[in-house]
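**Q** Provided below for reference: sequence and predicted model.
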Amino acid sequence: MNIAWLTVAALGGVVLLALWQASTNFRLNRMVRHYRALAAGVEGQPLDQILQRIVDRGGIQEDAMARIQEQLTALHDEGEAHIQRVGVVRYNAFDDTGGDQSFAVALLDSHGNGALFNGLFHRTECRVYAKPVRAWRSTYALSDEEEEAIRKARGDAQSPAAPRGRLDHGGAEPESLAR
């Protein structure tokens with residue numbers, strides 16, 4: 001009876017060893033395939049040279065990535081200063097003209113810096129005014145239409161519609177620009 005148990009135990013041990021051997025062979029084959037993929041095209045060279053070449057390539061790629069990151073940062077910073085926010089408001093500035101031919105246009109960068117142009121159209125003349133804008137504000141007084149153009153350029157979703165009031169024009173500068 002002892003021999004039967006010993007035989008069963010030995011058979012169990014052999015099965016366990018066979019499973020362990022199969023697992024080891026599977027992992028070894030996977031590593032050999034990986035090594036062959038890494039060493040493709042460099043047959044006959046020592047492993048340390050192959051590994052050194054891989055490390056060198058990694059360093060070169062790291063330097064290239066650092067240069068690309070610097071260029072990307074510079075482009076981003078430069079792009080911040082370009083006109084990317086535009087607000088346009090058309091309105092009727094005078095009683096005796098129609099068609100909303102007058103306009104206020106804000107051309108601003110991402111920080112709210114740029115210029116605001118206001119064109120006042122009358123049947124007999126046209127005047128265009130430019131005002132500097134810094135941080136979404138101007139040092140000059142702004143009409144309601146100009147303020148609305150800046151709000152539109154900023155992207156304020158809740159900005160109220162600019163009033164469509166009319167200005168008297170008696171040969172002098174309109175009141176909306178004198179403020």
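**A** Noted; the coordinates are in hand.

**Q** what about residue 60, which helix or strand?
**A** helix 47-80 (DSSP states H and E).

**Q** Kindly report the same for residue 86.
**A** strand 85-91.

**Q** So what sits opposite residue 94 in the bridge?
**A** Beta-bridge pairing for residue 94 (DSSP bridges): residue 167.

**Q** now it: how far from residue 123?
**A** 8 Å (CB to CB, to the nearest Å). Any C-beta I mention is one placed from the backbone N, CA and C, and that applies to glycine too.

**Q** just to revisit the earlier point, mind listing the strands the strand holding residue 86 pairs with, and their directions?
**A** For strand 85-91, pairing defined by DSSP bridges yields strand 102-108 (antiparallel).

**Q** Give the buried residues for the partner strand.
**A** 102-108 (16 or more other CB atoms under 10 Å).

**Q** Name the residues of the helix or strand just after it that are buried.
**A** With elements assigned by DSSP H and E, the helix or strand that comes after strand 102-108 is strand 114-121. For strand 114-121, the neighbour count (16+ other CB under 10 Å) marks 114, 116-118, 120-121 as buried.

**Q** which among those residues gets closest to residue 60?
**A** residue 114 (42.0 Å; CB to CB).

**Q** hang on, the earlier thing: quick one: which of the buried residues of strand 102-108 is nearest residue 22?
**A** residue 108 (69.9 Å).

**Q** who does the closest one bridge with?
**A** residue 85, residue 114.

**Q** could you check the distance from it over to residue 13?
**A** For residue 108 relative to residue 13 (CB to CB), the value is 81 Å.

**Q** try residue 95
**A** Taken as CB to CB, the span from residue 95 to residue 13 is 107 Å.

**Q** can you check residue 90 too?
**A** In terms of CB to CB, residue 90 sits 92 Å off from residue 13.

**Q** Looking at these two, which is more packed in?
**A** residue 90 (16 against 10; other CB atoms under 10 Å).

**Q** quick one: the more buried one and residue 118 touch, right?
**A** No - look at residue 90 against residue 118 with CB atoms under 8 Å: they stay out of range, at 11.4 Å.

**Q** So in this protein, which helix runs the longest?
**A** Looking across the chain with DSSP state H, the single longest helix is helix 2-38.
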